[in-house]
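Q: I would like the atomic coordinates for the input below:
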Amino acid sequence: MNSYLQSPARDLEASLAFYEKLQFEELRREGPAVVADREVAVLLNPENFARPGIVLHRSSWDTEVVEIEKTRRVHPQPDGHLVADPSGVWLYLKTSESPVPTASGQASILGTYAGLCLETTDIGRSLNLYRLLGFETDKGDADQGWVVCKNSDGMSISLMNPGCCPHLFFNPSLTYFNGGGNLPIIAAIQEAGIPIAEEITHFNEEGVVDNVILRDPGGIGMFVFND
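A: Residues are numbered from 1 along each chain as shown. The predicted structure is shown next:
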């Protein structure tokens, strides 16, 4: 896989245990450790300077970097480049071979995966950056405050304007939409002993907790929502 998330893993065993409880597939345990849920993979990086972010692999980013440097700082890395979008999310543009194998499609207990979600202070500039990196608009409209872009590797990113989401927002976050069937999934999360960062009742007229937000040990968010 050439597109995946990175999560800092200061305590690698704690990070692995978190994802094991959620029944993510363990693609590899070391060198580096990688877990996956269907088509999304998370590399658990124990290095001290690792930060939550999106990792993209390509043989060369030279053309893209020339364009990106016109509007923002690009930091050289031993195996590529580092840049941040207006959401603050770090993008690791690597020229090395991806260490992430293809996932088997095993599903976690979180339900139907719907891509990544980012809250950005400048949705237009964020979208322009992702377009430079090979993403294309899939749905939505930046002028309306919400747009989804997707790349050829299948990574889907929803960009949201500030003020759209009345709950905690961790950048970046995995998003799960379960079509009204979220209560059994929330029960499974609780039974697994996973800490819940926020229980959300905002969208339920009866005040029922029907949406929850999780956060992995490295700072990656998880929106487990009805729709």
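
Q: Contact partners for F170?
A: Contacts of F170 were listed using CB atoms under 8 Å, 6 or more residues apart in numbering, and they are 197, 213, 215, 219-221. All C-beta atoms are positioned from the backbone trio N, CA, C, and that covers glycine.

Q: quick one: pLDDT of it?
A: According to the prediction, F170 has pLDDT 97.

Q: D122 too?
A: pLDDT, D122: 96.

Q: Domain map for this protein?
A: 3-94, 113-225 (automatic domain parsing).

Q: measure stretch 149-156 end to end?
A: Length of stretch 149-156, first residue to last, CA to CA, to the nearest Å: 6 Å.

Q: Sorry, slip of the keys, the one I care about is stretch 44-53.
A: End-to-end distance (CA to CA), stretch 44-53: 11 Å.

Q: List the buried residues of that stretch.
A: 44-45, 50-53 (16 or more other CB atoms under 10 Å).

Q: neighbouring contacts of it?
A: By CB under 8 Å, 6+ apart, stretch 44-53 touches 5-10, 12, 15-16, 19, 32-35, 89-92, 171-172, 218-220.

Q: tell me the SS of P184?
A: helix (DSSP: H, G, I helix; E, B strand; the rest coil).

Q: What of F18?
A: F18 - assigned by three-state DSSP - is helix.

Q: For it, grab the count of nearby residues.
A: 25 (other CB atoms under 10 Å).

Q: Pretty sure P217 is one of the things it touches, is it not?
A: Yes - contact between F18 and P217 holds when scored by CB atoms under 8 Å: they sit 5.8 Å apart.

Q: Between the buried residues of stretch 44-53, which sits nearest G105?
A: L44 (20.1 Å; CB to CB).

Q: Could you give the bridge partners of that closest one?
A: S7, A33 (DSSP bridges).

Q: Walking through the chain, point out its helices one by one.
A: Secondary structure of the chain (DSSP state H): helices at 12-21, 62-68, 123-132, 182-191.

Q: what pLDDT, on average, does the second one get?
A: So that's helix 62-68. On average, helix 62-68 scores 97.

Q: next one: the last one
A: Helix 182-191 carries an average pLDDT of 96.
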